[in-house]
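*Asks:* model this:
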Amino acid sequence: MKLTDFKVLTFDVVGTLIDFERGVLASVRRIGGPKAKDLTDDQIFEPYMRGRAAYPGRSSHEMANVYLSLAKELGLPDDAQSAAAFQRDVLEWPAFADSVAALKRLRKHFRLVAMTNADRVALSAYAHTLGDPFDDTVCCDETGVAKPDPQFFAYNRGRQAAFGYKFGEILHTAQSQYHDIGVATKLGYATCWIERRQNVKGFGATPVPETVTTPTFKFATLGALADAVEAEARLAA
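*Replies:* Predicted structure coming up:
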């Protein structure tokens with residue numbers, strides 16, 4: 001099986017293309033004052049994940065509550081102004097350094113589809129940050145559920161079929177084993193794991209999966225995926 005056998009690349013966005021961990025850390029350390037600057041990454045990530053689990057709703061609304069939950073747990077400023085600042089920062093999370101250029105390269109070979117738990121408002125902001133690379137988007141506002149719910153993936157499968165693409169022509173590309181790679185593999189998707197935390201201990205601000213699923217393809221960066229696609233294309237030319 002070759003990468004160029006596929007016609008559609010579906011992408012997780014937050015964590016794969018958008019570096020939300022860097023965004024969360026920068027925001028908490030800025031808003032939280034001197035005490036926050038002394039916290040380790042994991043000391044911030046762990047209450048962040050608990051807060052997100054408690055407030056799983058639309059990311060353009062609920063992240064203020066996630067911050068308040070985190071702040072109370074860590075003893076950081078928990079006033080409305082701080083929460084509102086964190087909520088605003090969510091829409092400005094940065095792209096990974098390789099995302100914009102790699103997506104431009106990949107778009108020459110594939111239909112690019114965003115598959116994200118972000119809501120439509122947040123996705124619009126992230127798409128702009130990424131250079132508006134997507135031919136189609138699927139977010140929780142349409143599906144009514146969030147990954148790793150299998151219905152999210154079923155919705156996308158049906159949507160791409162309506163555009164004339166067969167299931168076997170789709171390659172799901174993501175960083176999260178918990179939200180994406182494990183469930184997509186179980187559902188029969190071909191998968192590409194972008195292991196953003198390669199050689200870094202733990203799973204960061206992403207929930208720990210029950211097991212690490214072996215993907216169809218694996219790369220450390222999105223740029224490495226683009227390199228491999230272009231190498232295949234040159235051989236076929």
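*Asks:* so residue 213 makes contact with residue 180?
*Replies:* No. Applying Cβ atoms under 8 Å, one finds residue 213 not in contact with residue 180, separated by 9.5 Å. For the C-beta atoms, the positions are set from N, CA and C on the backbone; glycine is no exception.
*Asks:* tell me how this structure divides into domains.
*Replies:* 3-19+94-236, 20-90 (automatic domain parsing).
*Asks:* sorry, back to before: between residue 213 and residue 180, point out the one with more neighbours.
*Replies:* residue 180 (33 against 17; other Cβ atoms under 10 Å).
*Asks:* what's near enough to touch the more buried one?
*Replies:* By Cβ atoms under 8 Å, 6 or more residues apart in numbering, the residues touching residue 180 are 12, 147, 148, 172, 174, 191.
*Asks:* would you say it is within a strand?
*Replies:* No. Residue 180: not assigned to a strand; according to DSSP: H, G, I helix; E, B strand; the rest coil it is helix.
*Asks:* hang on, the earlier thing: want to try JSON lines for the domains of the chain, with mean pLDDT as columns?
*Replies:* As requested, these are arranged in JSON lines below (pLDDT from 0 to 100):
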{"stretch": "domain 3-19+94-236", "mean pLDDT": "96"}
{"stretch": "domain 20-90", "mean pLDDT": "95"}
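*Asks:* related to what we said a few turns ago, by neighbours, which of the contacts of residue 180 wins?
*Replies:* residue 172 (27 neighbours).
*Asks:* so what's that residue bridging to?
*Replies:* residue 10, residue 191 (DSSP bridges).
*Asks:* relative to residue 147, how far out is it?
*Replies:* In this view, residue 172 and residue 147 are 10 Å apart by Cβ to Cβ, to the nearest Å.
*Asks:* who touches both of the two?
*Replies:* With Cβ under 8 Å, 6+ apart, residue 172 and residue 147 have common neighbours 12, 115, 153, 180.
*Asks:* tabulate the residues you listed (CSV), appending distance to residue 138 and secondary structure.
*Replies:* Output for the shared contacts of residue 172 and residue 147, formatted as CSV (distance: Cβ to Cβ, whole Å; DSSP: H, G, I helix; E, B strand; the rest coil):
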residue, distance to residue 138, secondary structure
12, 11, coil
115, 5, strand
153, 9, helix
180, 13, helix
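*Asks:* closest to residue 38 out of those?
*Replies:* residue 12 (31.7 Å; Cβ to Cβ).
*Asks:* for the closest one, give me phi and psi.
*Replies:* Backbone geometry at residue 12, expressed as degrees, to the nearest 10, gives phi -60, psi 150.
*Asks:* likewise for residue 14?
*Replies:* Torsion angles, degrees, to the nearest 10, at residue 14: phi -80, psi 110.
*Asks:* for it, what are its contacts?
*Replies:* Residues in contact with residue 14 (Cβ under 8 Å, 6+ apart) are 20, 59, 93, 116, 117, 118, 126.
*Asks:* can you check residue 41 too?
*Replies:* Contacts of residue 41 (Cβ under 8 Å, 6+ apart): 21, 25, 204.
*Asks:* try it again at 6 Å.
*Replies:* When the contact criterion is Cβ atoms under 6 Å, 6 or more residues apart in numbering, residue 41 has no partners at all.
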